[in-house]
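Trainee: mind folding the following:
(one chain, ligands or ions: 1)
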Amino acid sequence: MIGKVLIANRGEIAVRILRALMELDIRGLAVYSEADREALHVRLADEAYCIGPPAPEESYLAIEKIIGLAKEKGAQAIHPGYGFLAENYRFAQRCQEESLIFLGPPPEAIRVMGSKTEARRVMREAGVPVVPGTVNPVESEAEVSALAGEIGYPIVLKASAGGGGKGMRIIRSREEVPSSFRATRSEAQSAFGDPAVYVEKYLENPRHVEVQILGDQQGHLIHLGERECTIQRRHQKVIEESPSVIMTEELRRAMGETALAAARAVGYYSAGTVEFLVDRRGNFYFLEMNTRLQVEHPVTEMVTGLDLVKEMIRIAAGEKLPYRQEEIQFRGAAIECRIYAEDPANNFFPCPGRVEVLRSPEGPGVRVDSGVFPGYEIPIYYDPLIAKLIVWGRDRQEAIRRMERALREYTITGVKTVIPFLLEVMRDEHFHRGEIDTSYIDRKLLQADRTKEKGRMTPAPEEEGTEKADIVVLAAALDAFLTGKEKKPAMAPLSNGTLSSFNPWKMAGRRKLLESRG
Ligand code: ADP
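Mentor: Next up is the predicted model:
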């Protein structure tokens, strides 16, 4: 029934989808912008067509161009990947109207889950625990203060239409309300075209644990366990793993059932992810549902042995999901690191350029989902994710050691990447012990920063506790980023542009032109 699929995306995810199509003997039709003529997805596709200039609005977001091309070239279905049009319900609707199969959930499920406030309302009605706060947008500063009075500071103001870690502000006291309210609204307007904001209780140091679900069009839904995505920088995921270190059979069952209830409430089918925040006592709260394939889906594929893209295609073709919940087995442990072309020495600023030498890690338990090759010029117009490195091990310890080994093998020259930074995390004792929360990275960088400042004033003691030793290692890593050299002595004080004083909103502004991350 599906003989040709148009991939409305680029980069590593377009390549990932093409691989599934090849294995299913389905023709893959790639689209590309003028900035992506040389891209890997263009080279690997059975057919490829240029659809416009580099600006996403004129190419990867140009709904009618994409639909027109699919029809003209005889594709029966469109896979949106993540980012770009993946969570645009109008695009899914337009596909339906043109009798094209949208490889994702029904448009109405995308619409409801696309509004954080509407999603919270529907979830609450379905009995799904949501983070305490409002289900309607707040209209005034006074309303925000009154609400904070009820639920207690800190709170977080969020854009109803937000995503990608943008349009979010933590408020710790009443004095901060007026300026934060105005700033979040204007950010929401400029980033998402909708100024609506709402209030959530800000949970201190939670973990981010999400559940992968899969459902067919006949109403059969299962979950594929969890992914822990707690290691984040500025509210964006950096490292993901499965299983979560806090998981027990009981908690997995409870979170799995809740995720399925969330999906059922919006008539969901296809692959999707229900995100939760988990507090120290193991209470979990619905955060949002991502109605698409996620960046970190390979982690689930490694521990379950399923191919999520193939499952999405079969489901879209109307096939029944052939698994019962009890048949889903979780084997070993998987970890994913996102390899960004970003310069940690410059506030993780996107660092596009030409890849010179590229040697990807290989060997037991290693998977690389990449969109680059030697000589490839990373365009400035899009998200700088160049590859994902995923490893599998019999247990978490083996997976960590394997990731460390694979990161050491990874050689990319010509562009700066976050690899040295990821290596330090793999060597960090707290990470090994699973003692993590969503501010892990910021805290470590801040500690490293402070220790380094102190170290310059007092001679380093001979014996260090583990905690301090970690910090020193991280400080050294920071030095390495900041100097670009391995063994340079202590550098000038980090007075400005330091990692700790980095302003995420500036970054969000700089990224405005870039696609949103998955
Ligand atoms: P986005 O849709 O922009 O990705 P999310 O609502 O999914 O935003 O949140 C992204 C991250 O921000 C979470 O994983 C978590 O680290 C942090 N966060 C969001 N809401 C809260 C909250 N109420 N309390 C604590 N942390 C939060």
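
Trainee: what parts of the stretch 251-400 of the chain come near the ligand?
Mentor: Within the stretch 251-400 of the chain, the residues that sit near the ligand (Cβ under 6 Å from any ligand atom) are Glu275, Leu277, Leu287, Glu288. (Each C-beta comes from the backbone N, C-alpha and C, glycine too.)

Trainee: thought the last one was touching Leu277?
Mentor: Meaning Glu288. No: assessed by Cβ atoms under 8 Å, Glu288 is found out of contact with Leu277, at 10.1 Å.

Trainee: picking that back up, so which of the residues of the stretch 251-400 of the chain next to the ligand is the closest to Ala196?
Mentor: Nearest to Ala196 among those is Glu288, at 15.2 Å by Cβ to Cβ.

Trainee: can you tell me which helix or strand the closest one belongs to?
Mentor: strand 284-290 (DSSP states H and E).

Trainee: which residues are contacting that strand?
Mentor: By Cβ atoms under 8 Å, 6 or more residues apart in numbering, the surrounding residues in contact with strand 284-290 are 87, 113, 116, 119-120, 123, 128-132, 203, 208-209, 251, 254-255, 258, 262-263, 266, 272-279, 518.

Trainee: likewise for stretch 406-416?
Mentor: So stretch 406-416 is in contact with 337, 339, 341-345, 351-363, 366, 378, 386, 389, 391, 419, 422-423, 426, going by Cβ under 8 Å, 6+ apart.

Trainee: let's see it at 6 Å
Mentor: Under the contact criterion Cβ atoms under 6 Å, 6 or more residues apart in numbering, stretch 406-416 has outside partners 341, 343, 351, 353-359, 361, 366, 389, 391, 419, 422-423.

Trainee: of those residues, grab the buried ones for PyMOL.
Mentor: Applying 16 or more other Cβ atoms under 10 Å to the contacts of stretch 406-416, the buried members can be selected in PyMOL as follows:
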select buried, resi 341+343+351+355+358+361+366+389+391+419+422+423
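
Trainee: tell me which of the contacts of stretch 406-416 fall in helices.
Mentor: When DSSP state H is applied, these are split such that Ile419, Leu422, Leu423 fall in helices.

Trainee: for the second one, which non-adjacent residue is spatially closest?
Mentor: Nearest-residue entry for Leu422: Cys337, 4.8 Å, with adjacent residues in sequence omitted and distances by Cβ to Cβ, 6 or more residues apart in numbering.

Trainee: direction included, what does the one helix or strand the one you found maps to pair up with?
Mentor: For Cys337, the host element (DSSP H and E) is strand 333-340. Paired strands of strand 333-340, with direction, are strand 236-242 (antiparallel), strand 385-393 (antiparallel) (DSSP bridges).

Trainee: check whether the shortest one comes near the ligand.
Mentor: No: in this structure, strand 236-242 remains apart from the ligand according to Cβ under 6 Å from any ligand atom; the gap is never smaller than 7.2 Å.

Trainee: got the buried residues for the helix or strand following that strand?
Mentor: Using DSSP H and E, the next helix or strand after strand 236-242 towards the C-terminus is helix 249-265. By neighbour count on 16+ other Cβ under 10 Å, the buried set for helix 249-265 is Leu251, Arg252, Met255, Gly256, Thr258, Ala259, Leu260, Ala261, Ala262, Ala263, Ala265.

Trainee: quick one: mean pLDDT for helix 249-265?
Mentor: Mean pLDDT, computed over helix 249-265, is 98.

Trainee: and if you look at stretch 404-412?
Mentor: 98.

Trainee: in the stretch 351-500 of the chain, which residue sits closest to the ligand?
Mentor: As assessed by Cβ to the nearest ligand atom, the ligand sits closest to Thr438 within the stretch 351-500 of the chain, at 3.7 Å.

Trainee: can you give me the strands for the stretch 101-250 of the chain?
Mentor: 101-102, 155-159, 168-171, 197-201, 207-215, 221-233, 236-242 (DSSP state E, counting those that start in this stretch).

Trainee: got a list of what the residue of the stretch 351-500 of the chain closest to the ligand touches?
Mentor: Counted by Cβ under 6 Å, 6+ apart, Thr438 has contacts Pro206, His208, Thr230, Gln232.

Trainee: do that again at 10 Å, thanks
Mentor: 203-208, 229-233, 235, 237, 277 (Cβ atoms under 10 Å, 6 or more residues apart in numbering).

Trainee: again with Val42
Mentor: So Val42 contacts Arg10, Ala14, Val15, Ala30, Val31, Tyr32, Asp36, Ala48, Tyr49, Cys50 (Cβ under 10 Å, 6+ apart).

Trainee: which of those residues fall in helices?
Mentor: Short answer: the contacts of Val42 in helices (DSSP H) are Ala14, Val15.

Trainee: max pairwise distance over the contacts of Val42: which two?
Mentor: Val15 and Cys50 (17.7 Å).

Trainee: who has more neighbours, these two?
Mentor: Higher neighbour count among Val15 and Cys50: Val15, with 25 against 14, using other Cβ atoms under 10 Å.

Trainee: so where is the protein shaky, pLDDT-wise?
Mentor: For the chain, the stretches with pLDDT under 70 are 455-518.

Trainee: picking that back up, just the buried ones from the contacts of strand 284-290, in ChimeraX syntax?
Mentor: Here is the ChimeraX command that selects the buried residues among the contacts of strand 284-290 (16+ other Cβ under 10 Å):
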select :87,113,116,119,120,123,128,130,131,203,208,209,251,255,258,262,263,266,272,273,274,275,276,277,278,518
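
Trainee: what's the neighbour count on Pro54?
Mentor: By other Cβ under 10 Å, 17 other residues sit near Pro54.

Trainee: so how far is Asp343 from it?
Mentor: Taking Cβ to Cβ, to the nearest Å as the measure, Pro54 and Asp343 are separated by 22 Å.

Trainee: one more: Lys416?
Mentor: Counting by Cβ to Cβ, the gap from Lys416 to Asp343 is 4 Å.

Trainee: then Gly11?
Mentor: 19 Å.

Trainee: how about the strands of the stretch 101-250 of the chain in JSON lines, adding distance to Lys73?
Mentor: Below are the strands of the stretch 101-250 of the chain laid out as JSON lines (distance: least, Cβ to Cβ, whole Å):
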{"stretch": "strand 101-102", "distance to Lys73": "15"}
{"stretch": "strand 155-159", "distance to Lys73": "37"}
{"stretch": "strand 168-171", "distance to Lys73": "40"}
{"stretch": "strand 197-201", "distance to Lys73": "42"}
{"stretch": "strand 207-215", "distance to Lys73": "29"}
{"stretch": "strand 221-233", "distance to Lys73": "33"}
{"stretch": "strand 236-242", "distance to Lys73": "35"}
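
Trainee: now Val368: phi and psi?
Mentor: Note on Val368: its backbone torsions stand at phi -120, psi 120 [degrees, to the nearest 10].

Trainee: sounds good, over and out.
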